[in-house]
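>>> Predicted coordinates and the sequence they were generated for:
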Amino acid sequence: RHSRLWVSAEALDETLSAAIEQGRIHTADAKTRSRQLAETYGWRIEEARRVFAFGPHESGCNVVVDRTASNDNFAETKPWLATMFQWVSREGVLASEPLRGVCLNIVDVSYVADAIHRGAGQVLPMARRAMFGSMLLASPRVLEPMVVVELVCPVKVIGALENYLEGKGGQVVGVEELEEEGGEAVSVVSVQLPVGACVAGRQGHLADRCWHAMLRGA
């Protein structure tokens, strides 16, 4: 009631999200991180320097950026905003699941002069409502959980295997040829699949279904 917080939400670039997940962005080193964001991902250096939190777990691929003008009281509430961002990025607005690829911009703040109204009890609920509201206005989406599966198969049936897995929403991410076993060349196929496609059901386990598909396509 006494203070105001304005927040906007937008999607992070997919390449940047992947780089953070793979540990190629130095989230703990502000100077190195700012230079990486400016030189590799096209951020203005001033914006890159104002990233003050990653989440969840202080290393996830979600960021919060200070885009406010000068405010004498904002610095003392930054720790509370970073704390709430950890909670928000860990339990998203749609399904209480972790966020991925979200950038929250702190656009403006307005605090009362009395310090008693700028404590954790006042700032944390305000920040939660503002962050959740900004994400709802940004048309969020629920991402299907994926898993990477490795399958060993004869080289001659890789084409049939790829066709089958792509029909299940999978994507082949790598093929590694192994030494011949018993006179027949084999390969390790790495595929990214929806978790639902890996769950055993009336059609049997994933490996059994793939084997029958390969026999039909061989």
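Perfect, thanks for sending it.
>>> From residue 81, how far out is residue 65?
Residue 65 is 11 Å from residue 81, where distance means CB to CB, to the nearest Å. Any C-beta I mention is one placed from the backbone N, CA and C, and that applies to glycine too.
>>> list the residues that contact both of those two?
residue 106 (CB atoms under 8 Å, 6 or more residues apart in numbering).
>>> of those two, who's got more company?
residue 81 (24 against 20; other CB atoms under 10 Å).
>>> Does that one lie in a helix or a strand, and which?
Assessed by DSSP states H and E, residue 81 sits inside helix 74-90.
>>> Just the buried residues of that helix, please?
Of all the residues in helix 74-90, those buried under the rule 16 or more other CB atoms under 10 Å are 74, 77, 80, 81, 82, 83, 84, 85, 86, 88, 89, 90.
>>> out of everything not next to it in sequence, what's closest to the fifth one?
Think residue 82. Excluding the flanking residues, the one nearest residue 82 by CB to CB, 6 or more residues apart in numbering is residue 53, at 4.1 Å.
>>> Wasn't the one you found part of a strand?
Yes - with DSSP: H, G, I helix; E, B strand; the rest coil as the criterion, residue 53 is part of a strand.
>>> what sits against it?
With CB under 8 Å, 6+ apart, residue 53 has these contacts: 63, 64, 81, 82, 85, 86.
>>> Which one of the residues you listed is nearest to residue 150?
Nearest to residue 150 out of these is residue 63 (CB to CB; 32.2 Å).
>>> Thought residue 48 was touching that closest one, still the case?
No - using CB atoms under 8 Å, residue 63 is not in contact with residue 48, being 10.1 Å away.
>>> The two: who's more crowded?
Per other CB under 10 Å, whichever of residue 63 and residue 48 has more neighbours is residue 63, with 25 against 19.
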